[in-house]
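J.: Need a 3D model of the following:
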Amino acid sequence: MLGAFRSALATPDLRKKILFTLGIIVLYRIGALLPSPGVSYPNVQKCMAGISDQGGIYSLLNLFSGGALLQLSVFALGIMPYITASIIIQLLTVVIPRFEQLKKEGQAGQGKLTQFTRYLTIALAILQATGIVALADRGQLFNNCQDDIIPGHGIWKLAIIVVTMTAGTAVIMWLGELITERGIGNGMSLLMFVNIAARIPAEGKNIWDKGALTFVVICVFGLAIIASVVFMEQGQRRIPVQYAKRMIGRRMYGGTSTYLPLKVNQAGVIPVIFASSLLYLPDLISRLVGANQDSGWQRFIAQHLVSQGDWVHILTYFALIIFFTYFYIQITFNVHERADEMRKFGGFIPGIRPGRPTSEYLSFVLSRITLPGSIYLGIIAILPNFFLSITGQGQNQNFPFGGTAVLIMVGVGLDTVKQIESQLMQRNYEGFLK
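T.: Down below sits the predicted model:
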């Protein structure tokens, strides 16, 4: 491992990419700590000091922004608008024929889809920034905090904050694309990794304050979760594929054997994001419309949907993850297209006829491995709900060793290591994975 790092830093062009990526990350973290104009930074810090147990609608967004959301900084929205826009465009490729045609046009069509993703990201950033600023202006961003976060409450001041946050989202997109083009690659995912990693010291200190024994137990428990996540993320079902020999001109093509890899966790972390967002949506809507806090519906939301230790929340969360796992895989992995592609290039699965029998076989195998994959996602996601109730951290979702945080950090970490390894292998160096 150390030899691979030494080889990576010893290669001039790869060293430049790594240093360039680190420089972009430093700039990104500075922007995440820089407060927006018109926001009272001392009052924000006072309010944040008293919300160690706050969860609810902000926890997932605050996790993806590296703690910048509740500080109302320039990069407060983080990478979440781009993630949401990418998921929406990906789902629309199945619904809108024009998008499906662009997807099949190769690099040119993908460029147009990327442009649509950027436009949608800006629109979502405006909408999300307006909602967050409205909650902050009403004093609903922090519970039980009487300090004035935005002094003056002028419409122009609120508009400037919204414009600043939206511009910050555009800059984040640009930084992520710079890492992808001139850095080590995987730019957007790497920025998300940095945001989650930035939360670990603060969350670790909160756990340490509850006792050294609790801290040690959580660290051991966290390492076990990370090891299991790495094992499951690497697991895949390899379906053998044989390509027949074809004569093109005077040359023979094909006749090779390969495999079609189907990952156990084919959906990634997307179902967890969908389920978390859907659970927090009723609380967000009730806050924006100013619902009565003493009403029966509001009490039900607070007790069963926002409170993460409640059994209704846990079971609903688990069921939503399983549902969205099947839904997302059915949308993104088209077995009929895969079967047609294999048949077009002369490929077939040994013992399975090309065409419809191949698509039925792929659908059968995919449904078999999706069940353990969805259960695995659900268990990893709800583990913090049990563990945080034991440690007494209340509703704090930003647990550093559970759920969305571990899934993203492990997935991005493995992809980044593989990208660096592939560049080392091109230069005849030994990679990270032997």
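J.: what's downstream of the helix or strand containing residue 322, the next helix or strand?
T.: For residue 322, the host element (DSSP states H and E) is helix 311-332. The element immediately downstream of helix 311-332 (helix or strand, assigned by DSSP H and E) is helix 335-344.
J.: Neighbouring strands of the very next helix or strand once past that next one in the sheet, and parallel or not?
T.: Beyond helix 335-344 in the direction of the C-terminus, DSSP H and E gives the next helix or strand as strand 347-348. Using DSSP bridges, the strands paired with strand 347-348 are strand 236-243 (antiparallel).
J.: And the partner strand, what's buried?
T.: Neighbour counts over strand 236-243 (16 or more other C-beta atoms under 10 Å) mark 239, 241-243 as buried. Where C-beta positions appear, they are placed from N, C-alpha and C, glycine not excepted.
J.: Need the residues that contact it.
T.: Applying C-beta atoms under 8 Å, 6 or more residues apart in numbering, the contact partners of strand 236-243 are 254-264, 342, 345-350, 362, 365, 369.
J.: ok now it, how far from the chain's centre?
T.: In terms of C-alpha atoms, centre = their mean, to the nearest Å, the centre of strand 236-243 is set 29 Å apart from its chain centre.
J.: related to what we said a few turns ago, possible to save the buried residues of strand 236-243 as a markdown table with pLDDT and distance to residue 201?
T.: Below are these laid out as a markdown table (pLDDT from 0 to 100; distance: C-beta to C-beta, whole Å):
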| residue | pLDDT | distance to residue 201 |
| --- | --- | --- |
| 239 | 87 | 43 |
| 241 | 86 | 47 |
| 242 | 83 | 52 |
| 243 | 79 | 51 |
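J.: Could you work out the most separated pair of those?
T.: Greatest spacing in those, by C-beta to C-beta: 239 and 243 (13.5 Å).
J.: coming back round to it: need the buried ones from the contacts of strand 236-243 selected in PyMOL.
T.: A single PyMOL command selects the buried members of those (16+ other C-beta under 10 Å):
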select buried, resi 260+262+264+342+347+348+349+362+365+369
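J.: Of the contacts of strand 236-243, which belong to strands?
T.: Mapping the contacts of strand 236-243 onto strands (DSSP state E) picks out 257-263, 347-348.
J.: Now flag whichever of these is closest to residue 379.
T.: Of those, the one sitting nearest to residue 379 (C-beta to C-beta) turns out to be residue 263, at 17.1 Å.
J.: show me what contacts the closest one?
T.: So residue 263 contacts 233, 235-236, 373 (C-beta under 8 Å, 6+ apart).
J.: One more: residue 261?
T.: 236-239.
J.: The residues you listed into CSV, with extra columns for distance to residue 48?
T.: Below are those laid out as CSV (distance: C-beta to C-beta, whole Å):
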residue, distance to residue 48
236, 42
237, 46
238, 48
239, 50
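J.: coming back round to it: looking at the ones in strands among the contacts of strand 236-243, which is nearest residue 170?
T.: Distance to residue 170 across those (C-beta to C-beta) is lowest for residue 263, with 32.7 Å.
J.: from memory residue 423 sits against residue 14, does it?
T.: Yes - Residue 423 is within contact range of residue 14, at 5.7 Å (criterion: C-beta atoms under 8 Å).
J.: Name the residues contacting each of those two.
T.: With C-beta under 8 Å, 6+ apart, residue 423 and residue 14 have common neighbours residue 8.
J.: got the angle between the longest helix seen in the chain and helix 335-344?
T.: Taking DSSP state H as the assignment, the helix of the chain that covers the most residues is helix 356-391. Helix 356-391 runs at 140 degrees relative to helix 335-344, counting by axes from the mean of the first three to the mean of the last three C-alpha atoms, to 10 degrees.
J.: which helices and strands does helix 356-391 pack with?
T.: Packing contacts for helix 356-391, counted by 3 or more C-beta pairs under 8 Å, 6 or more residues apart in numbering; DSSP states H and E, involve helix 212-234, strand 236-243, strand 257-263, helix 270-289, helix 311-332, helix 335-344, helix 403-426.
J.: Off-centre distance for that helix?
T.: Helix 356-391 sits 17 Å away from the centroid of its parent chain (C-alpha atoms, centre = their mean).
J.: all helices of the stretch 101-250 of the chain, in order?
T.: Ranges of helices in the stretch 101-250 of the chain, per DSSP state H, counting those that start in this stretch, are 107-138, 155-182, 187-208, 212-234.
J.: Out of those, which gets nearest to residue 21?
T.: Nearest to residue 21, of all those, is helix 155-182, at 5.4 Å by C-beta to C-beta.
J.: which residues of the stretch 301-434 of the chain score low on pLDDT?
T.: Of all residues in the stretch 301-434 of the chain, those with pLDDT under 70 make up the ranges 302-309, 385-403, 427-434.
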